[in-house]
Structure formats: C-alpha cells, structure tokens
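1. Structure of the sequence below:
(one chain, ligands or ions: 1)
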Amino acid sequence: MTFLLVARQSYHCSVKSRKGPRFRHPSSLSAVTTQITSCERCPRLRAYCRGVAAAKRAAYRDWTYWGRPVPGFGDPRARVLFLGLAPAAHGANRTGRVFTGDGRGGSGDFLMAALHRAGFANRDTSDHPDDGLVLTGAYIAAAVRCAPPQNKPTPDEVSACLDHLEAELAHLPRVDTVVALGKIAWDAWLQLLSRRVAVPRPRPVFGHGAVFDMRALPGTPAGSRGSARLPGRLVGCYHPSRQNTNTGKVTARMYDAVFTSLPTGD
Ligand code: SF4
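-> From the prediction side, this is the model:
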C-alpha cells in the first residue's frame, strides 16, 4: 500500500473543488515545499493570510510578512515528526517558518527549548528564519499550513491541507513517531491515517502523554520502508500555546517527560 495522494471529489464551498487535475505527487521534499507555498485551495485562509500580511502588527511594521502557506522544516532523516495546528498570524505567517517568531516566551520558544533539552535542536529559541536553528532527528509541520482566523480552521480546510502532510511524509521515510501538539493535530493525524488503514472507533483519546500504537492496525505495512511505511506511534502532547504554558496546564517538566521518551539519532 502506498501513501498516495487522493483527489477528493468536492468540498464545502469555502474550499476549492479538487475535480479536474489530480493533486501532483512531488518527486522530492523541496518540490513538496514548492507545492505547499504556492497552494491556493482555501480562499478564506489565503485571503486572511494576505490581509494580515498587508496590515501587519505595529511591532513588526518593518517586516515583509511571508503571507503564504508555511511548509514543514527540519531533518529529512527525522525519526520524529512534531505536528502542530497551524501557523500563527504574526508568527509563522510573518516569518515563513513553522513555530518561529511567536514572540519571547511564545509557543515557538517553549517548543524549541524542550527540543533543545531533548537533543533535537541546537538552539532553545525560534525567532527568525535566519537564526541558525538546526533540527536533528526531528521534523516540524502543521496540520494546516495557512494561519486561520481565531486559530480555527474548518474541517474542510483541515482535510484539504492533509494532502500536503501526506506528500511530506512520503519524503520522510524514517519517521516512526508522530507527536501531536494538541487535540486538533491528534485528530488530523487520525484522519490522515484513516485514508490508509481502519482506525478503531471510538477513536483513540487525546491526552498529554497518550500513546496510540499504530503498528497493530489491520492493513499496516509494518516494517516496510519508503513511502509505504507508516509511523509506528502517535504520541499526544498539549499544545505549547501561551494559554497552556502561562496557566500551568503544560510545563517544561511535562514536555521533558514526553520528549525524553522519543527516539533520537539512528
Ligand atoms: S490551508 Fe493548506 S490546503 Fe488550504 S490553502 Fe493553505 S496550504 Fe492550501
């Protein structure tokens, strides 16, 4: 079974129909990036991102905002994929790199500090696409690549954007663990997984530290390599939003407890 891109027949009116030409399956990770950054499938989200980029926040008035869909970034040999929700309007939608530019102590810094402590990142902050950040053994992506109003993508927008994650995964053949940063990312991964195998119902429940072993699912090509290979584990982790970190719902110690259990290196 291959991780093929599937052209869906139609969507809610806010998402462009994918009748007509099939979604192309790029031949390299860089080609996937190009496809993502030029995507216009969701008119509502594209209009919102462009609008934010044009209006800007006063603190960033000297920036030329990215304003386009944000691809994943990290180590192509990663064993762990960290999956977030979507770019922040004045974070990744401004900088063009996921979990980057969320401000001092924001989501990106909290996540990067934890990745640094666990040995996945060479820096403990994520400010700017030219800050020298290098990930080793980790790749970070978002379930939805365009910043949504109020951080709330519609189900159709999530579904449309999962094709991009599917395409990226086809070029990340060593990923064996997916860390879902928040319930929306968890649910999005299960939705993507259900395109390939039968996901049990009721669906596995999201929680911080929750683990769903995907290797036992019927139809899982366990042990196979390349684009046919499925990651083995889904791990839940509360999102590093200020709302969670400032209220103590999630702490650095809680992140360390999850991250130190993840595979690193070869
Ligand atoms: S959210 Fe995803 S599918 Fe929709 S326009 Fe952005 S990149 Fe394309």
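
2. Leaving out the residues flanking it, which one is nearest to the residue most central in space within the chain?
-> Centroid check for the chain by C-alpha atoms, centre = their mean gives Ala142 as the closest residue, at 2.1 Å. Using C-beta to C-beta, 6 or more residues apart in numbering and skipping the chain neighbours, the partner closest in space to Ala142 is Gly84 (4.6 Å). Just so you know, the C-beta spots here come from the backbone N, C-alpha and C atoms, and that holds for glycine as well.

3. Quick one: neighbours of the one you found, just the number.
-> The tally of other residues near Gly84 (other C-beta atoms under 10 Å) stands at 29.

4. Ok, Arg94 next?
-> For Arg94, the neighbour count with other C-beta under 10 Å is 25.

5. Check whether it sits in a helix, strand or coil.
-> At Arg94 the chain is in helix, as set by DSSP: H, G, I helix; E, B strand; the rest coil.

6. Off-centre distance for stretch 257-266?
-> A distance of 18 Å separates the centroid of the chain from that of stretch 257-266, by C-alpha atoms, centre = their mean, to the nearest Å.

7. okay, that stretch in CSV with CA atoms only?
-> The C-alpha coordinates for stretch 257-266 follow below in CSV (Å, rounded to 0.1, in the frame of the first residue of the first chain):
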residue,chain,number,x,y,z
ALA,A,257,8.6,13.7,30.3
VAL,A,258,7.3,13.1,26.8
PHE,A,259,10.3,14.2,24.8
THR,A,260,12.8,12.1,26.6
SER,A,261,10.9,9.0,25.6
LEU,A,262,11.2,9.8,21.9
PRO,A,263,13.7,8.1,19.6
THR,A,264,16.7,10.1,18.7
GLY,A,265,19.7,9.6,16.3
ASP,A,266,19.9,6.4,14.3
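
8. next one: the top helix by length along the chain to chain centre, how far?
-> The single longest helix within the chain, with elements called by DSSP state H, is helix 155-169. The chain centroid and the centroid of helix 155-169 are separated by 10 Å under C-alpha atoms, centre = their mean.

9. Say whether the ligand is contacted by that helix.
-> Yes - counting by C-beta under 6 Å from any ligand atom, the ligand is contacted by helix 155-169 at 157, 160-161, 164.

10. if we can go back for a sec, hang on, the residue nearest to Ala142 packs against Val179?
-> No - between Gly84 and Val179 there is no contact under C-beta atoms under 8 Å: 9.6 Å.

11. So the closest residue to Leu85 other than its chain neighbours: helix, strand or coil?
-> Sequence neighbours aside, Ile184 is the residue nearest to Leu85 in space, at 4.9 Å (criterion: C-beta to C-beta, 6+ apart). Per three-state DSSP, the local secondary structure of Ile184 is helix.

12. what residues are up against Ile184?
-> Counting by C-beta atoms under 8 Å, 6 or more residues apart in numbering, Ile184 touches 85, 143, 153, 158.

13. picking up where we left off before, quick one: mean pLDDT for the longest helix of the chain?
-> What helix 155-169 shows for mean pLDDT is 96.

14. That one packs against which elements?
-> helix 29-37, strand 138-142, helix 183-193 (3 or more C-beta pairs under 8 Å, 6 or more residues apart in numbering; DSSP states H and E).

15. So which of the ones you listed is nearest Phe99?
-> Phe99 lies closest, by C-beta to C-beta, to one member of the helices and strands packed on helix 155-169: strand 138-142, at 6.0 Å.
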